[in-house]
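Asks: can't give you the sequence, but here's the structure:
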């Protein structure tokens with residue numbers, strides 16, 4: 001399992017505050033005999049009524065290495081997968 005981003009816990013707190021239920025931390029996607037990891041999966045909590053079954057998967061990137069261009073390259077590569 002990959003290491004967590006520097007802002008992982010902060011993002012979880014923000015999502016919960018905005019009404020999301022964290023369902024997976026991390027979300028594991030299996031494809032072609034390999035496991036892919038998305039940082040967080042969540043679904044919207046609905047109180048007293050049901051409107052839509054909203055779900056999200058969040059991949060968090062902080063771009064803190066010495067080369068922001070390399071960080072961007074890695075992030076785009078993960079997104080394309």
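Replies: Good, I have the coordinates. Just so it is clear, the structure is predicted and the values come from calculations on it, not from any experiment.

Asks: for this protein, just list every one of the helices.
Replies: Counting by DSSP state H, one finds helices in the chain at the ranges 8-17, 68-80.

Asks: list the contacts of residue 80.
Replies: Neighbour list for residue 80: empty [criterion: C-beta atoms under 8 Å, 6 or more residues apart in numbering]. In this view, the C-beta of every residue, glycine as well, is placed from N, C-alpha and C.

Asks: distance of it relative to residue 73?
Replies: Residue 80 sits at a distance of 11 Å from residue 73 (criterion: C-beta to C-beta, to the nearest Å).

Asks: which of the helices of the chain sits most buried?
Replies: For the helices of the chain, the largest average neighbour count (mean count of other C-beta atoms under 10 Å) is found in helix 8-17, namely a mean of 13.

Asks: spatially central residue for this protein, please.
Replies: Nearest to the mean C-alpha position of the chain, by C-alpha atoms, centre = their mean, lies residue 58 at 2.3 Å.

Asks: so what's that one bridging to?
Replies: Judged by DSSP bridges, the bridge partners of residue 58 are residue 40.

Asks: in stretch 58-69, what's buried?
Replies: 58, 60 (16 or more other C-beta atoms under 10 Å).

Asks: hang on, I meant stretch 27-39
Replies: Buried residues in stretch 27-39 (16+ other C-beta under 10 Å): 27, 38, 39.

Asks: starting at the chain centroid, how far to that stretch?
Replies: Offset of stretch 27-39 from its chain centre (C-alpha atoms, centre = their mean, to the nearest Å): 13 Å.

Asks: any idea how far residue 54 is from residue 19?
Replies: 10 Å.

Asks: which neighbours do the two share?
Replies: Contact criterion C-beta under 8 Å, 6+ apart; residues shared by residue 19 and residue 54: residue 44.

Asks: for residue 7, what are phi and psi?
Replies: In terms of degrees, to the nearest 10, the main-chain angles of residue 7 are phi -100, psi 20.
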